[in-house]
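S.K.: Test case, fold it:
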Amino acid sequence: MAGFGHGTRRYPRSRSRTRSRWRSPRSSGFETGGGPDRATLGITGVICAVAGFFTLGIILGPVAMVCGWLAMGRTWSRSRPVPALIALVLGAVDTLLAIVWLAGTTPGNGLF
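M.R.: Residues are numbered from 1 along each chain as shown. The predicted structure follows:
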């Protein structure tokens with residue numbers, strides 16, 4: 001509706017004004033949208049991984065892996081923050097130990 005003498009000032013949704021209004025308070029031009037930032041996800045992943053060694057490892061291990069992966073920016077190519085990498089590795093170890101523990105407690109421990 002910006003044609004035929006009508007300016008875009010009356011219509012805020014026209015021409016590059018269609019992004020979300022709800023933004024993170026720490027967001028910049030690169031990081032838009034709400035939700036926790038990468039540092040918070042990394043620390044949350046480390047806490048879940050450490051807690052998973054003591055209880056509910058089959059649940060907290062994958063949660064730690066997901067938090068670590070999201071904190072890394074879902075890529076391996078650039079420099080990785082240390083808490084994100086710790087969360088990813090400890091979450092994988094935690095999940096593997098929980099699967100081994102569950103496999104050891106089932107009846108019929110053989111492969112066949």
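
S.K.: so what's S27 scoring on pLDDT?
M.R.: For S27, the pLDDT comes out at 50.

S.K.: And for R17?
M.R.: R17 is assigned a predicted lDDT (pLDDT) of 51.

S.K.: for the longest helix seen in the chain, packing partners?
M.R.: Looking across the chain with DSSP state H, the single longest helix is helix 82-105. Here helix 82-105 touches helix 38-52, helix 57-71, going by 3 or more Cβ pairs under 8 Å, 6 or more residues apart in numbering; DSSP states H and E. (Each C-beta comes from the backbone N, C-alpha and C, glycine too.)

S.K.: For those, give me a markdown table that also has mean neighbour count.
M.R.: Shown next, in a markdown table, are the helices and strands packed on helix 82-105 (neighbours: other Cβ atoms under 10 Å):
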| stretch | mean neighbour count |
| --- | --- |
| helix 38-52 | 20 |
| helix 57-71 | 22 |
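
S.K.: which residues does the residue lying closest to F53 once chain neighbours are set aside contact?
M.R.: Excluding the flanking residues, the one nearest F53 by Cβ to Cβ, 6 or more residues apart in numbering is D94, at 5.9 Å. By Cβ atoms under 8 Å, 6 or more residues apart in numbering, D94 lies in contact with A49, G52, F53, G57, L60, G61, A64.
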